[in-house]
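J.: Provide a 3D model corresponding to the input given below.
(2 chains)
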Amino acid sequence: MGSETGTLEHEAAQRANGRHLDRSGVRVELVECERRFGDVAALDRFSLTIEPGELVALLGPSGCGKTTALRALAGLEQTDAGVVRIGGLDVTGLPPNRRELGMVFQAYSLFPNMTALDNVGFGLRLRKRDAPTRRRRARELLDLVGLAAQAGRFPHELSGGQQQRVALARALAVEPRVLLLDEPLSALDAKVRAQLRDEIRRIQLEMGITTLFVTHDQEEALSMADRVGVMASGRLQQLGPPDEVYERPVNAFVAEFVGSVSRVPATVGAGSTVEVLGGRIPLPDSQAAFAPGRRVDVLLRPESLAVRADPRGLGLVVRRSFLGPVMHVVVALPGKIEVLATLPSSSASEVVVGSAVSVEATGTPLFVTEPRELDA
Amino acid sequence: MAALSAPRVATARAHPAAEFRLGPVARTGVLVVAALYFLVPLLASARYALEGAHGSYTLSSVTALFHDSVLLQSLVTSVEISLGAAAITLALLMPTSVWVNLRMPRWRRAMESITLLPLVVPVVVVVLGIYGAFPTGIVASPVLLALEYVVLAMPYSYRAIDGGVQALDLHTLVDASRSLGAGWAQVFRRVLVPNLRSSLLSAAFITVAYSLGEFAMANLLSFTTFPTELFQIGTEQVGEATAVSVFALVLTFGVLLALSLFGGHGRRRAVRAGLPAGQADGVVAELAAEVDAVLGHADPGRPGIVHDGPTMR
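T.: Alright, predicted model coming up:
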């Protein structure tokens, strides 16, 4: 058990000495979990292991089951089948209040009748800590999230970002074995979201707490997580480090969901190559087995497409977005194909909306998949 | 944004207001007429109650009330029954509303209909049902009357509680407290009850007010409660009955005043809790009207027109 009266400084000192707190860094396992809502499988033989102290982000579109997975781990949702283990203990049948978790919600979840300090001390009060201990710990946590000066304020007197900071402090105050973050940043504006994202990651690393973070925002997932799990239809499609998920997707869904891609019809050529946009590029190593002559779709990252102003080119620039150092350009090609390319802003002066351009695929496609019939 | 949205809001509000706006003279006139309509009978009753022989004024009718042990005992009985009814209402309806909103949201409409049933079932039918369903010993106990008042006041009390429950982000608050280690009892005690305080007080006041004024059920079941005793006095001593009438009105005013004071407190809490102030105001105004309607149905000064409020609606 972690020291009941231990301060954050004490915890940090313990870590510096190479000793890990008992409460931080437990392994979390969801094994073959199933949950159905009528005909819809929110979790379909879903398995996930989170290593001690690791932050795993579950990423996926609405309704993919990521929140159900988190709630199943929290005990807020009962599974129809499967096992949930925290620190090696089977907690499948345990109610949420006995799982020793901390959770931050998407909606503002502070208790409206309590000050920030009382909110943070709430879990400790339930654990019958005496008032001075409660207050000291709550102040430490508020200090950790940069809100010591707002301790006496009620939730409605705090901004959205501050409320979520207090919610994070409240979740951490009980020294949880696992931290669960259910889209905690989605209600915040972009700037606050970026700040809080960094802050959550900093605190998570400092405390070494095993964390499951659910989000539909891939930027959040890729920037914060040790590993990213991409979900669809209640199943984990891929679980791996952010760069691996981004660069080596295991299927077309992951490729199209994570990052931006353009889907372009192509034909497999000889020697593990693929003919696309009038050029020839190598097939990805993992997909070299495609038979020559087969019609496929290739998924190309914007940075794998070269766009040049060309009066005789077949492409037509339909949109441009200036993003500082780079420019996003959407080009319409014959066959109702639209591709997205990234150009250095400095070299995009001639690529204006309505101008003719040539488009060329460079490098290796992200993924090669079965062709999808285009709408007539 | 504000500049863009402001004209739209202004237009939306200006249109109906322009149609129904009265001039200051007309408004004052309506106010005076309404005040006269309500105040003249009250003042006349008060004067009649205080009038002695040869145009003098005396408190003898009023002081007589406090020497009437049967009346005082009936008042104590009514207060006990009404407090019991309020306690049962809170203990029963709050968890029900929370559970329905939390776990059975599809039943919300059904619950609304079920809680309205006491308005459409005549009291005499309920009484006959009670006689058929319960043994004589239970029917003779005032506890039964309290249970009945819980049911009869339910159309108002359930709405007061349910409105408060629906105004909370119930799922998130419950999930948050559960994840922090709270069992269900602690969720209710530490989170839900404090945040529903205003709604719970409103429901309790409505039930108390209803129970204090209810006549038909108590009379049909042969209980001696405050309203039935007032009725009895009214048939025998008109002067005393009028004094009781005024006293009951003052009592009513006191209840309403307390309600508005608590409501004001609730409003501050609502603002603190981030709820729109109008919501809390609306509840208070609605409840004030309900209490007025409920208490108004047992006018002791005019025993011939004692009605059961809900069945008249």
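J.: where does the stretch 201-350 of chain A dip in pLDDT?
T.: Within the stretch 201-350 of chain A, not a single segment meets pLDDT under 70.
J.: For the residue of it found nearest chain B, name its beta-bridge partners.
T.: Relative to chain B, the nearest point of the stretch 201-350 of chain A is A:L212 (12.7 Å; C-beta to the nearest C-beta). C-beta here means a position set from N, CA and C on the backbone, and glycine is covered the same way. As for beta bridges, A:L212 partners with A:V56, A:L180 under DSSP bridges.
J.: what's near enough to touch it?
T.: A:V28, A:I50, A:L55, A:V56, A:L58, A:A69, A:L70, A:L73, A:V178, A:L179, A:L180, A:L181 (C-beta atoms under 8 Å, 6 or more residues apart in numbering or on different chains).
J.: what residues are up against A:V40?
T.: A:G63.
J.: Quick check: it vs A:T68, distance?
T.: As for A:V40, its distance to A:T68 is 10 Å (criterion: C-beta to C-beta, to the nearest Å).
J.: Likewise for B:L212?
T.: In terms of C-beta to C-beta, B:L212 sits 50 Å off from A:T68.
J.: So between the two, which is more surrounded?
T.: Neighbour count, other C-beta atoms under 10 Å in any protein chain shown: between B:L212 and A:T68, B:L212 has more, with 26 against 23.
J.: For that one, what is the enclosing helix or strand?
T.: Here B:L212 sits within helix B:197-213, counting by DSSP states H and E.
J.: the domain parsing of the chain - what is it?
T.: Looking at chain A here, since you left the chain open. The record's domain split for chain A, according to automatic domain parsing, is A:8-100+A:176-253, A:262-367.
J.: not what I meant, chain B
T.: According to automatic domain parsing, the ranges for chain B are B:23-58, B:68-312.
J.: which of those has the lowest average pLDDT?
T.: Note on these: domain B:68-312 shows the lowest mean pLDDT, a mean of 77.
J.: List the contacts of the residue in the stretch 1-150 of chain B positioned nearest to chain A.
T.: Closest approach between the stretch 1-150 of chain B and chain A, counting by C-beta to the nearest C-beta: B:L102, at 11.6 Å. Contact analysis of B:L102 by C-beta under 8 Å, 6+ apart lists B:L170, B:H171, B:V174.
J.: ditto for A:V352
T.: A:V352 touches A:V317, A:R320, counting by C-beta under 8 Å, 6+ apart.
J.: how about the residues of chain A near chain B?
T.: Contact residues, chain A versus chain B (C-beta under 8 Å from any C-beta of the partner chain): A:74-76, A:95-98, A:100-103, A:105, A:107-113, A:122-123, A:125-127, A:154-156, A:167, A:170-171, A:174, A:180.
J.: Buried subset of those residues, written for ChimeraX?
T.: Those of these that count as buried under 16 or more other C-beta atoms under 10 Å in any protein chain shown are selected in ChimeraX with:
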select /A:74,75,76,96,97,100,101,102,103,105,107,108,109,110,111,112,113,122,123,125,126,154,155,167,170,171,174,180
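J.: Can you list which of the residues of chain A next to chain B are found in helices?
T.: Judged by DSSP state H, helices contain the following of the residues of chain A next to chain B: A:A74, A:F122, A:G123, A:R125, A:L126, A:A167, A:R170, A:A171.
J.: Got the confidence number for the fourth one?
T.: pLDDT for A:R125: 93.
J.: any idea how far it lies from B:L196?
T.: Counting by C-beta to C-beta, the gap from A:R125 to B:L196 is 19 Å.
J.: same question, the last one
T.: As defined by C-beta to C-beta, A:A171 lies at a distance of 24 Å from B:L196.
J.: tell me which element the nearest residue to A:S109 once chain neighbours are set aside falls in.
T.: Distance criterion C-beta to C-beta, 6 or more residues apart in numbering or on different chains; nearest residue to A:S109, sequence neighbours excluded, is B:A176 at 4.1 Å. Using DSSP H and E, B:A176 falls within helix B:170-179.
J.: Relative to the whole chain's centre, how far out is that helix?
T.: 31 Å (C-alpha atoms, centre = their mean, to the nearest Å).
J.: what does stretch A:113-122 give?
T.: Offset of stretch A:113-122 from its chain centre (C-alpha atoms, centre = their mean): 29 Å.
J.: Point to the residue nearest the middle of the chain.
T.: Going with chain A. A:A221 (2.3 Å; C-alpha atoms, centre = their mean).
J.: that's the other chain; I wanted chain B
T.: B:I206 (2.4 Å).
J.: quick one: buried residues of stretch A:55-68?
T.: A:L55, A:V56, A:A57, A:L58, A:L59, A:G60, A:C64, A:G65, A:K66, A:T67, A:T68.
J.: Could I get the full set of helices for the stretch 251-376 of chain A?
T.: A:252-257 (DSSP state H, counting those that start in this stretch).
J.: Excluding sequence neighbours, find me the nearest residue to residue 66.
T.: Using chain A. According to C-beta to C-beta, 6+ apart, the nearest residue to A:K66 is A:L58 (4.1 Å).
J.: please go with chain B instead
T.: B:L72 (7.1 Å).
J.: again, but for A:A225
T.: With C-beta to C-beta, 6+ apart, the residue lying closest to A:A225 is A:A57, at 3.6 Å.
J.: so who does that neighbour touch?
T.: Counting by C-beta under 8 Å, 6+ apart, A:A57 has contacts A:F213, A:V214, A:T215, A:E220, A:A221, A:L222, A:M224, A:A225, A:R227, A:V228, A:G229.
J.: now swap in B:L251 and tell me
T.: Taking C-beta under 8 Å, 6+ apart, one finds B:L212 in contact with B:L251.
J.: Helix or strand: which one has it?
T.: helix B:238-272.
J.: now the strands for the stretch 101-250 of chain A?
T.: Remark: strands assigned in the stretch 101-250 of chain A by DSSP state E, counting those that start in this stretch are A:101-104, A:178-182, A:210-215, A:227-232, A:235-240.
J.: want to throw those into TSV with distance to A:E338?
T.: Shown next, in TSV, are the strands of the stretch 101-250 of chain A (distance: least, C-beta to C-beta, whole Å):
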stretch	distance to A:E338
strand A:101-104	38
strand A:178-182	35
strand A:210-215	27
strand A:227-232	23
strand A:235-240	25
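J.: List the buried residues for stretch A:304-314?
T.: A:S304, A:L305, A:A306, A:V307, A:A309, A:G313, A:L314.
J.: Can you name the residues bridging to the nearest residue to the second one once chain neighbours are set aside?
T.: Nearest-residue entry for A:L305: A:A341, 3.9 Å, with adjacent residues in sequence omitted and distances by C-beta to C-beta, 6+ apart. The residues paired with A:A341 through beta bridges, assigned by DSSP bridges, are A:V329.
J.: which residues touch A:A341?
T.: Neighbouring residues of A:A341 by C-beta under 8 Å, 6+ apart: A:S262, A:P302, A:L305, A:A306, A:V307, A:H328, A:V329, A:V331, A:V359.
J.: Please apply the same query to B:V62.
T.: Counted by C-beta under 8 Å, 6+ apart, B:V62 has contacts B:A49, B:L50, B:A243, B:V246, B:F247.
J.: Closest to B:L221 out of the residues you listed?
T.: B:F247 (24.9 Å; C-beta to C-beta).
J.: In the stretch 151-300 of chain A, which residue sits closest to chain B?
T.: Closest point on the stretch 151-300 of chain A to chain B, by C-beta to the nearest C-beta, is A:H156, at 3.4 Å.
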